[in-house]
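A.B. asks: how does the following fold in three dimensions:
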Amino acid sequence: MKKRSVLALIISVILVFGAAPMAVFAAEQFNSATAVSRPYDGTATVEVTDMYFAQAVSEEDYTRMSATGTGTLASPDAGHYDVLDEITNITLKERDPSLYPDNPVNWADWYVTPDRMENIPTDVTITKAEPVLTVAASEVSAQGGQEITLTVTIENHFDYPAGLPTADQISVSATNAALKDGTSLVQDGNKYTAVYVLAKNTLAQQAVFSVNVAGDAVNYAALSQDIVTTVDVSALADYTAVDEAIAKAEALNKDDYVDFTAVDSAVAAVVRDLDSSRQTEVNAMAQAIENAIAGLQLKQNDTTGGTATGGYQITAGADGVWAQNSADGLTITSNGDFAKFTGIKVDGADVAAEHYTAVSGSTVVTLNAAYLQTLTQGTHTFTMVFTDGEVSTNFTVAAQVAGNTMVAPQTGDNSNAVMWIVIAVAAAGAMAGAVVFTKKKKAE
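C.D. replies: Predicted structure coming up:
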């Protein structure tokens, strides 16, 4: 035992200061440590349960002597490590006391252990931690189109912010909601927030948000199932009719009308984003715009002429004149949408399609000469009819005399003209009688 005692003093120096190995050391002896693998916990420490010392004075000591301690890894991050940067709290022990029941050794009596040892080979793995995720929305229920804030929290952050996943490593998928334009998920410590806009789809009843950790996160594993939260969505009313009415109003030229105030007021009164329970109010907004448009009065001028509803105008051919026996028809143009054109009227009566042609541009109607020939001389009304309004003007059928000079019919009191016609007929008869009488006289 004295030999062990003397050598123990030498070994204590070797363990502490790492002196050069002695010739008595076995060639295969080396420092190593067994550490316990564990999940990531934000720290770089591991439990050391066994150690071998290259400086043991004999092969027996190398085999029997062990130690426990606290190992420190190069990083707290999850991964595999083959070296402990250092070991502290080293406590010598018998590796397997059951093998030497009759000859136990208190190794602390023979060796003085150092406060720390560095760069000790090991084989230890830090696995990714299972994240404790919570997800919360700023609203339990909201209307379609409304913004809500989604907050994701990693509860087991271990007070080590550097080990947390980045914002890019948090996976969020949304149904019936979309990330607000120009924004992204933002990290603040162990919390991740994003602003989403709920869908305006009238069929959307619930927005669903599914959250997980991405597979490339260093210290946290992806959960086998996403963490889910929901937001009830109040479906929006259908604004299709409102939008169509507004588009129709915007297509009109305000300067063409006596007063456009009612239309402007009806458009300004539209309230957006009402839910479906208030569809009746939305329908009333659309109707108010349509009514205001129907009530517009065109300013009277030489180019539009006539009357109109629905904001339509005669843009060419107003107050036209057609001469009887002309080969060409009479063309009148309006600003109406040809897709909405349904037909024409003359003097309030529907005109069969065979009596005219109609083409787009916006709507151009030409009355056939054959049809015009059937009309009496004088002024007639012409009306283009559309699905949502109509527009009227006048045209005149005039007589045609020699030299192709058109003579428009006279208007007013014609009683004097009848009298003169009677006188002319009587005078012509008298002259004829005089001629006959003269011839008879000469014959006698």
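A.B. asks: surely Lys93 meets Thr68?
C.D. replies: Yes. Counting by C-beta atoms under 8 Å, Thr68 is a contact partner of Lys93 at 6.5 Å. Any C-beta I mention is one placed from the backbone N, CA and C, and that applies to glycine too.
A.B. asks: now the end-to-end length of stretch 234-246.
C.D. replies: 25 Å (C-alpha to C-alpha, to the nearest Å).
A.B. asks: ok now that stretch, how far from the chain's centre?
C.D. replies: Put simply, stretch 234-246 sits 17 Å off its chain's centre (C-alpha atoms, centre = their mean, to the nearest Å).
A.B. asks: any residues touching that stretch, and which ones?
C.D. replies: For stretch 234-246, contacts defined as C-beta atoms under 8 Å, 6 or more residues apart in numbering pick out 141-145, 200-205, 267, 270, 272-279, 281-283, 285-286, 289-290, 293.
A.B. asks: now, which of these lie within helices?
C.D. replies: Val267, Gln279, Glu281, Val282, Asn283, Met285, Ala286, Ile289, Glu290, Ile293 (DSSP state H).
A.B. asks: of the residues you listed, which is the most crowded?
C.D. replies: Counting by other C-beta atoms under 10 Å, Ile289 has the largest number of neighbours within the ones in helices among the contacts of stretch 234-246, with 25 neighbours.
A.B. asks: give the contact list for that residue.
C.D. replies: Counting by C-beta under 8 Å, 6+ apart, Ile289 has contacts Val242, Ala245, Ile246, Lys248, Ala249, Val263, Ala266, Val267, Val270.
A.B. asks: quick check: closest non-adjacent residue to it.
C.D. replies: Of all residues not flanking Ile289 in the chain, Ala245 sits nearest, at 3.8 Å (C-beta to C-beta, 6 or more residues apart in numbering).
A.B. asks: so the one you found, which of the three states?
C.D. replies: helix (DSSP: H, G, I helix; E, B strand; the rest coil).
A.B. asks: so what's the residue count around it?
C.D. replies: Ala245: 24 neighbours (other C-beta under 10 Å).
A.B. asks: how near is it to Asp238?
C.D. replies: Separation of Ala245 from Asp238 (C-beta to C-beta, to the nearest Å): 13 Å.
A.B. asks: what pairs with the most centrally placed residue in the chain across the strands?
C.D. replies: The C-alpha lying nearest the average C-alpha coordinate of the chain belongs to Ala178 (C-alpha atoms, centre = their mean; 6.6 Å). Judged by DSSP bridges, the bridge partners of Ala178 are Val197.
A.B. asks: looking at it now. What's its pLDDT?
C.D. replies: Ala178 is assigned a predicted lDDT (pLDDT) of 96.
A.B. asks: how about Ile154?
C.D. replies: 98.
A.B. asks: would you mark the buried spots in stretch 313-321?
C.D. replies: Buried residues in stretch 313-321, counted by 16 or more other C-beta atoms under 10 Å: Gln313, Ile314, Thr315, Gly317, Ala318, Asp319, Gly320.
A.B. asks: from what I see, the fifth one and Thr333 are in contact.
C.D. replies: No. No contact is recorded between Ala318 and Thr333 when judged using C-beta under 8 Å, the distance being 9.1 Å.
A.B. asks: strand partners (parallel or antiparallel) of the strand or helix carrying Thr379?
C.D. replies: Per DSSP states H and E: Thr379 is located in strand 378-386. In the sheet, strand 378-386 lines up against strand 341-346 (antiparallel), strand 389-401 (antiparallel) (DSSP bridges).
A.B. asks: any chance of the ones you listed in CSV, plus mean pLDDT and mean neighbour count?
C.D. replies: Listed next are the strands paired with strand 378-386 as CSV, based on pLDDT from 0 to 100; neighbours: other C-beta atoms under 10 Å:
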stretch, mean pLDDT, mean neighbour count
strand 341-346, 95, 17
strand 389-401, 89, 18
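A.B. asks: now the ones you listed in a markdown table, with distance to Thr63?
C.D. replies: Below are the strands paired with strand 378-386 laid out as a markdown table (distance: least, C-beta to C-beta, whole Å):
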| stretch | distance to Thr63 |
| --- | --- |
| strand 341-346 | 106 |
| strand 389-401 | 106 |
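A.B. asks: residue ranges with poor pLDDT in the stretch 151-300 of the chain?
C.D. replies: For the stretch 151-300 of the chain, the stretches flagged by pLDDT under 70 are 202-204, 300.
A.B. asks: domain-wise, how is this structure divided?
C.D. replies: Listed by automatic domain parsing, the domain ranges of the chain are 2-127, 133-234, 240-294, 314-407, 417-444.
A.B. asks: for those, which one sits closest to Ala308?
C.D. replies: Ala308 lies closest, by C-beta to C-beta, to one member of the domains of the chain: domain 314-407, at 4.0 Å.
A.B. asks: tell me where this structure has helices.
C.D. replies: Assigned by DSSP H, the chain shows helices spanning 2-17, 59-64, 240-250, 261-268, 279-294, 369-373, 415-443.
A.B. asks: show me what counts as buried in stretch 152-159.
C.D. replies: By 16+ other C-beta under 10 Å, the buried positions in stretch 152-159 come out as Val152, Thr153, Ile154, Asn156, His157, Phe158.
A.B. asks: try stretch 258-275
C.D. replies: In stretch 258-275, counting by 16+ other C-beta under 10 Å, buried: Phe260, Ala262, Val263, Ala266, Val267, Val270, Leu274.
A.B. asks: who touches it?
C.D. replies: For stretch 258-275, using C-beta under 8 Å, 6+ apart, the contacting residues are 143-146, 200, 234-237, 239, 242, 246, 249, 252, 254, 281-282, 285, 288-289, 291-293, 295-299.
A.B. asks: roughly how far is that stretch from the heart of the chain?
C.D. replies: Taking C-alpha atoms, centre = their mean, one finds the center of stretch 258-275 at 26 Å from the center of the full chain.
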